[in-house]
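>>> Take a look and give me a structure for this.
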Amino acid sequence: MTHSQTTSSGSERLSEQANYLPIFLILIPLIEILLFAIAGYHLGFANGGWMGIAKLAILTIGAFLVAYATYRMAIEKGALLYVKGAIFALVLSGGSVGIVGSTFFIATSAGLSMAPVQEAELGAFLQEVGPYVDGRIAVVDQAAELAPIMQALAEDLSARTTQEGETGPGPIYRTLNSLFGRADGLSQQITVSLAVRQDVLAQITALRSAMEATLADEDRTIWDRRAEMRRQYTQLLSALTQLDQAIPVSLVRSYAAELWGGVLIPNREAASARINRTLGGYAASLTEALAAQKGVAGDPPAFPAKIGALETFRYAGKNIPIILAAFLVDLLFPLALWGYAVMTLVQIDKDRNPHRWAKTQRAESDIDVITKRRPMQIPRARDDEESSKPSSSTRNPGRPSGKSRR
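Reported below is the predicted structural model:
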């Protein structure tokens, strides 16, 4: 290649580079900060009214200036300095482009995928709330089975009390009447609590439906929906507590323990034993019904915390289109532009100054000769060297040999 051809090809590369570099040096940071502004809005930088918007605007403008200056210095300064021999300039310029691009990539990927990730977290939370609430309701349903037992017990005690009262209000009558009064009071209280239980169950059902409807409402931001769901979940836990307290299970346990203790009527051992056998049967029925109840293991599900930027990458598989788009725009394209600019400048300098990039070959030493040959070739090489050496007669053609002297 002649010098004129080299110069023309270098000029073509320079002109081609000058056409697109200024455009992309502005276009790439501009697209990056637009995506960053949208991501910053989803990250909550714009919260707080005008102050939040001003904060996001200042942050976006600063990010644009830093990105533009970094990319321009990396290409216009770092690449040229590397061509002139500064190896560290290549590392510094490429590293700065990678750091700026990685920062935009992480912020943009997290911000653009934060809303769907937060929605997925809330959806998983609702799936945990459902079985927990159903378990709590099942416990209350088991407690509701005490109502017919207490009603039957109160009716039986009422009949026995009436029978004993036909002969007069004696000590047996007074004992049975006292037991009947407490049983009848508990039976009525459980009956009233069952009506309250139905109201609380209706409230719980309405709150669960409201939480699902809130999550599905896409007309509001995920942060507004999250705040509303948090308030609804607090109301749901309060309703579950009311449901637990609706049926007085603890009072029934105390009454069963009282029945197990029996009664003692002075000077009426046979009547006391007969009554205690009846009370023991009542206590056994209540104890069996109370033992059949099984509570819910574990605490209620914790409401999910606000998702963080790095936590969004746990759902990278579900948001792969967003992440790949951010990777291409924020990281891969700036690095590719810088890399092609470096290679173009290197090739131009090679065409103009080939002697600078030419590799100098050092002379082969004896060690190089030996290491390049196989072990079986070394003796043959020595023989070749001996045969190539001139003989004594050849070295001294004018000197007679010893025999000729003699």
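
>>> helices or strands up against the top helix by length along the chain?
Looking across the chain with DSSP state H, the single longest helix is helix 87-144. Applying 3 or more CB pairs under 8 Å, 6 or more residues apart in numbering; DSSP states H and E, we find helix 87-144 packed against helix 3-42, helix 50-73, helix 79-83, helix 171-216, helix 222-246, helix 320-327, helix 333-352. Where you see a C-beta, it was placed from the backbone N, CA and C, and this is true even at glycine.

>>> Give me the neighbour count for P301.
17 (other CB atoms under 10 Å).

>>> quick one, phi/psi of it?
Dihedral angles of P301 (phi, psi; degrees, to the nearest 10) stand at phi -60, psi 140.

>>> how near is A257 to L126?
41 Å (CB to CB, to the nearest Å).

>>> Comparing these two, which residue is more hemmed in?
Applying other CB under 10 Å to A257 and L126 shows that L126 carries more neighbours, namely 16 against 12.

>>> Go ahead and confirm the more buried one touches L215.
Yes - using CB atoms under 8 Å, L126 is in contact with L215, at 6.6 Å.

>>> buried set for stretch 190-206?
Buried positions in stretch 190-206, judged by neighbour count with 16 or more other CB atoms under 10 Å: I190, S193, R197, V200, L201, Q203, I204.

>>> which other residues reach stretch 209-225?
Residues outside stretch 209-225 that contact it (CB atoms under 8 Å, 6 or more residues apart in numbering): 44, 114-115, 118-119, 122-123, 126, 129, 228-229, 232-233, 236.

>>> what does stretch 109-118 give?
35-36, 38-43, 221-223, 226, 306-307, 309-315, 318-319, 322-323, 326-327.

>>> how about a cut-off of 7 Å?
Outside of stretch 109-118, the residues within contact range by CB atoms under 7 Å, 6 or more residues apart in numbering are 38-40, 42-43, 222, 226, 307, 309, 312, 315, 319, 322-323, 326.

>>> Please tell me how far that stretch is from the chain's geometric centre.
11 Å (CA atoms, centre = their mean, to the nearest Å).

>>> Mind exporting the C-alpha coordinates of it to CSV?
Taking Å, rounded to 0.1, in the frame of the first residue of the first chain, the C-alpha atoms of stretch 109-118 are listed here in CSV:
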residue,chain,number,x,y,z
SER,A,109,-33.3,-1.8,35.7
ALA,A,110,-34.3,-1.4,39.3
GLY,A,111,-36.6,1.6,38.7
LEU,A,112,-38.4,0.2,35.7
SER,A,113,-38.9,-3.2,37.2
MET,A,114,-39.7,-2.0,40.8
ALA,A,115,-43.4,-1.6,40.3
PRO,A,116,-44.0,-5.1,38.9
VAL,A,117,-41.7,-6.6,41.5
GLN,A,118,-43.5,-4.8,44.4
